[in-house]
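Participant: sequence and computational prediction follow.
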Amino acid sequence: MTVRVGFLGAGLIAGFHARSLAASEADMAFAGVYDADAERAASFASWTGATVMPGADEVIAGCDAVYVCTWTSEHAALVGAAASAGRAVFCEKPLAGDLAGATAMAAAVHGVINQVGLVLRYSSSLALLRHLVEDPDSGRLLSVTFHDDQILPVRGWYDSTWRGDPARAGSGVLLEHSIHDIDQIEQLGGPVTQVAATTAYLHGITGIEDLAAATFRYAGGGVANLTTVWHDLPERLNDRRIEVVCDRMWAMLEGDWIGPVRWQRPGGPVQRLQGDGLLARVDELGLTQANPDGEFVAAVAEGRPASPDFGDALRAHVVVDAAYRSAATGGSAVLVGPT
């Protein structure tokens, strides 16, 4: 079955997914595309072969699966329209600007195949790091230190300003960007039960925090610390560093996809893998990560659930919401409830 894929939104992130689809082995064809910016839609169509449509309804009518890659405030209506038409839905993160909206969207896609853009779940670097943490020889997870910095996403390669508008983005760095990081914090150490967070607005954009620092308590007793910041260094588009300490293992990851990853165990040297060597080791361990967009299309073709789905995204929203509630109190600890 050739899956006809439509796009709602034709900006930077839509282009990322379209290129990923083109590089996959998925049996798919680009169908319609709609963007409020007609020139952007035409540019997307020029290299994908998609057909520019006059509106979202026409895109949904002419496809089997639809990518929702608009600004956040538009997600709910577009996902709802696609799901009501029985179309499979891939939605970019975050689902919505707040927890209530995300909860409603997770309910709206019940009965249709759905996936969300928490793409770090497909990272080979993070797959290796999770493997090291989960190895019984590592012992208990004691601490995770997560640093994430990124160019303020209202200029440069983003070629858009909507992330500086709380009416369209919801809020800033914690929701719009580091929902990825919070998802990975739980992927590494399991559910968190408590968070204490602070935020700052150093660029003076009303409603858009550009700095957040949070401490998360794991159900297992360990602690994760996250610092995430938007800056004005165009040479650093995005960088993540994750340091993990277990009873009998230390590890450091730099780089989202192919390392380097370094680690050490008692009595041994620091080991290091990067690039092709890391990919080969991940393959040897049976941890090779698939193309997430190809996996979505394969799930649609086979009629099976996709992953990560809206339920996974909703869990990340629950934790983000607790962090914002903590920040609103000046950093008091807030319990994180179940999804």
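Facilitator: Looks like it arrived, so ask away. Note that the structure is a prediction, hence the values are computed from the model and not measured.
Participant: C-alpha only now, for contacts and for neighbours.
Facilitator: Noted.
Participant: so what's the spatially closest residue to residue 95 that is not a sequence neighbour up against?
Facilitator: Distances taken as C-alpha to C-alpha, 6 or more residues apart in numbering place residue 102 nearest to residue 95, at 5.5 Å, with adjacent residues excluded. Shown in contact with residue 102 (C-alpha atoms under 8 Å, 6 or more residues apart in numbering): 95, 96, 314, 317.
Participant: just the helices in the stretch 1-150 of the chain please.
Facilitator: Listed in chain order, the helices of the stretch 1-150 of the chain (DSSP state H, counting those that start in this stretch) span 12-23, 38-48, 56-61, 75-84, 99-108, 124-134.
Participant: now tabulate those in TSV and tack on mean pLDDT and distance to residue 306.
Facilitator: Shown next, in TSV, are the helices of the stretch 1-150 of the chain (pLDDT from 0 to 100; distance: least, C-alpha to C-alpha, whole Å):
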stretch	mean pLDDT	distance to residue 306
helix 12-23	96	15
helix 38-48	97	24
helix 56-61	98	19
helix 75-84	98	15
helix 99-108	98	14
helix 124-134	97	18
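Participant: mind putting those helices in CSV, distance to residue 259 included?
Facilitator: Formatted as CSV, those follow (distance: least, C-alpha to C-alpha, whole Å):
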stretch, distance to residue 259
helix 12-23, 20
helix 38-48, 30
helix 56-61, 38
helix 75-84, 32
helix 99-108, 32
helix 124-134, 5
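Participant: nearest to residue 286, out of those helices?
Facilitator: helix 124-134 (10.1 Å; C-alpha to C-alpha).
Participant: in that closest one, what counts as buried?
Facilitator: For helix 124-134, burial by neighbour count (16 or more other C-alpha atoms under 10 Å) applies to 124, 125, 126, 127, 128, 129, 131, 132, 133, 134.
Participant: coming back round to it: which members of the contacts of residue 102 define the maximum pairwise distance?
Facilitator: It's 96 and 314 that sit farthest apart of these, by C-alpha to C-alpha, at 9.6 Å.
Participant: any idea how many residues pack against residue 54?
Facilitator: Using other C-alpha atoms under 10 Å, residue 54 has 14 neighbouring residues.
Participant: please name the nearest non-neighbouring residue to it.
Facilitator: residue 34 (6.7 Å).
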